[in-house]
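1. Sharing a sequence plus its predicted fold:
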Amino acid sequence: MKILVIIPITGLEKQDIEERLTFLRSIARAGTEVNYIQVEDGPPAVESPVDHTVASAEVLKHVKKAEEEGYDAIISWCAGDPGVEAARTMVDIPVVGPGESMRLLASILGKKVCGVTTGLPVLEMRKDLGKTINLLKEAIEERVKEGYDSFYLSCLALTGLGKVLREETGLPVIDGAEASLKIAELLAELKLKPSRIAYPKYPPPHRR
């Protein structure tokens with residue numbers, strides 16, 4: 001099985017991406033190959049509607065080639081899922097969004113789901129992981145007081161912290177990296193593809 005991770009931002013250095021890939025490969029099934037491509041002209045990080053729109057357009061440049069190269073699934077590497085819905089109209093392989101994946105899993109594990117983040121800029125979240133984890137724990141504690149019972153991490157800069165937070169809080173805290181990879185593997189294994197009712201094939205018939 002081959003899964004392509006499309007990095008829709010330009011602010012990550014190669015060593016940052018390799019750190020994330022190492023994590024993904026450590027939790028992947030035996031036989032799953034995880035590769036990546038980083039966009040060339042996207043935003044440094046996705047932190048606004050404009051960033052999301054620009055990143056989405058960049059993601060779409062790569063999905064068809066990924067299918068042609070034999071990939072079994074694609075992950076758009078951002079909790080905002082840039083380009084995911086449009087990409088599903090372009091290919092017959094699963095296109096997975098980490099945000100959607102997290103919310104789905106969290107909804108199975110609790111009745112009132114909430115995303116949590118740190119309030120820090122995306123590219124600063126990993127500079128001090130101890131501080132970041134404490135901010136996330138505080139956010140979870142506050143949301144518990146409001147009645148929330150299941151959580152997901154609202155940014156892929158928080159990759160790998162789900163397990164730590166589950167252990168420290170005793171609550172379901174879903175990590176976007178874990179969720180998107182495992183859902184991508186499952187969809188690929190089952191040979192599922194986007195519904196052509198929900199996602200009509202692009203381009204429209206009159207333009208083919």
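-> Perfect, I can see it now.
2. quick one: the spatially most central residue of the chain from V144, how far?
-> Per C-alpha atoms, centre = their mean, the C-alpha nearest to the average position across the chain is that of P98, at 2.5 Å. Plainly put, P98 is 23 Å away from V144 if you go by C-beta to C-beta, to the nearest Å. Where you see a C-beta, it was placed from the backbone N, CA and C, and this is true even at glycine.
3. if we can go back for a sec, isn't the residue nearest to the centre of the chain up against I183?
-> No: judged on C-beta atoms under 8 Å, P98 makes no contact with I183 at a distance of 9.0 Å.
4. which neighbours do the two share?
-> Common contact partners of P98 and I183 (C-beta atoms under 8 Å, 6 or more residues apart in numbering): none.
5. Quick check: end-to-end length of stretch 184-201?
-> Chord length of stretch 184-201, first to last residue, is 20 Å (C-alpha to C-alpha, to the nearest Å).
6. Give the buried residues for it.
-> Buried residues in stretch 184-201, defined by neighbour count with 16 or more other C-beta atoms under 10 Å: A184, E185, L187, A188, K193, P194, Y199.
7. So the first one: helix, strand or coil?
-> Put simply, A184 is helix when judged by DSSP: H, G, I helix; E, B strand; the rest coil.
8. what's the nearest residue to it if we skip its chain neighbours?
-> A73 (4.0 Å; C-beta to C-beta, 6 or more residues apart in numbering).
9. Same question for the fourth one.
-> Taking C-beta to C-beta, 6+ apart as the measure, A188 lies nearest to D72, with 3.9 Å between them; neighbours along the chain are not counted.
10. Next, count neighbours for E178.
-> 21 (other C-beta atoms under 10 Å).
11. Pull the residues that contact whichever strand or helix holds it.
-> Counting by DSSP states H and E, the element that carries E178 is helix 176-189. Under the criterion C-beta under 8 Å, 6+ apart, residues 1, 3, 20, 23-24, 27-29, 32, 34, 72-75, 79, 93-94, 96-99, 101-102, 104-105, 152-153, 155-156, 158-160, 162-163 lie in contact with helix 176-189.
12. Filter those residues down to the buried ones.
-> Of the contacts of helix 176-189, these count as buried by 16+ other C-beta under 10 Å: 1, 3, 20, 23-24, 27-28, 32, 34, 72-75, 79, 93-94, 96-99, 101-102, 105, 152-153, 155-156, 158-160, 162.
13. so what secondary structure elements neighbour the helix of greatest length in the chain?
-> Longest helix of the chain, by residue count under DSSP state H: helix 49-68. Packed against helix 49-68 by the contact rule (3 or more C-beta pairs under 8 Å, 6 or more residues apart in numbering; DSSP states H and E) you find strand 2-7, strand 73-76, helix 84-87.
14. In the sheet, which strands lie alongside the second one, parallel or antiparallel?
-> Note on strand 73-76: by DSSP bridges, its sheet partners are strand 2-7 (parallel), strand 95-96 (parallel).
15. So what touches the helix or strand following the first one?
-> This points to strand 2-7. On the C-terminal side of strand 2-7, the closest following helix or strand by DSSP H and E is helix 14-27. Identification of contacts with helix 14-27 by C-beta under 8 Å, 6+ apart yields 5, 7, 34, 36, 38, 77, 126, 156, 159-160, 177-178, 181-182.
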